[in-house]
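Student: Here is my input, please return the structure:
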Amino acid sequence: MKNMAEGKLLASIQRNDTEQLQIAISEYKGKSYFNLRIFYTTDDGATWLPTKKGVTFAPEQLDILEEAIAEAKKAFMEE
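Tutor: Numbering: from 1, shown residues only. Have a look, this model is predicted:
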């Protein structure tokens, strides 16, 4: 798995043989962002390219995301 062109790849979740969700910190116009983006490969994983499918969070939004994930985990544990 290759790292993102700019930024830091934190984790990746394989969706199928040609797609993965990459979780990363990246920079755009001098500002840092938290990205969840679908990447694809056409060369058996040697190179991963970004798609338009994804979402970007500003650093100040991470607490809201963290709280939502905690609530989701709690809900799933109750099942």
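Student: now the protein, which segments are flagged as low pLDDT?
Tutor: By pLDDT under 70, the weakly predicted segments of the chain are 1-6.
Student: As a check, name the ranges of all strands in it.
Tutor: 8-14, 19-28, 31-40, 49-57 (DSSP state E).
Student: Go through those strands and name the closest to residue 78.
Tutor: Of all those, strand 8-14 sits nearest to residue 78, with 23.6 Å by CB to CB. For the C-beta atoms, the positions are set from N, CA and C on the backbone; glycine is no exception.
Student: How about residues contacting that closest one?
Tutor: 1, 3, 20-26, 39 (CB atoms under 8 Å, 6 or more residues apart in numbering).
Student: What angle do strand 31-40 and it make with each other?
Tutor: Put simply, strand 8-14 runs at 30 degrees to strand 31-40, going by axes from the mean of the first three to the mean of the last three CA atoms, to 10 degrees.
Student: circling back to that earlier point, are any of the contacts of strand 8-14 buried, and which?
Tutor: Neighbour-count burial (16 or more other CB atoms under 10 Å) applied to the contacts of strand 8-14 gives 20, 22, 24, 26, 39.
Student: among the strands of the chain, which is nearest residue 76?
Tutor: Using CB to CB, the nearest of those to residue 76 is strand 8-14, at 16.3 Å.
Student: Any idea how far that closest one is from the middle of the chain?
Tutor: Distance, stretch centre to chain centre, for strand 8-14: 6 Å (CA atoms, centre = their mean, to the nearest Å).
Student: Dump that strand to CSV, keeping only the CA atoms.
Tutor: The C-alpha coordinates for strand 8-14 follow below in CSV (Å, rounded to 0.1, in the frame of the first residue of the first chain):
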residue,chain,number,x,y,z
LYS,A,8,-0.1,11.0,6.6
LEU,A,9,-2.0,7.7,6.0
LEU,A,10,-3.4,6.6,9.4
ALA,A,11,-5.3,3.4,8.4
SER,A,12,-6.9,1.7,5.5
ILE,A,13,-9.9,-0.6,5.4
GLN,A,14,-10.1,-3.0,2.4
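Student: Paired strands for it, with orientation please.
Tutor: strand 19-28 (antiparallel) (DSSP bridges).
Student: Perfect, I'm done here.
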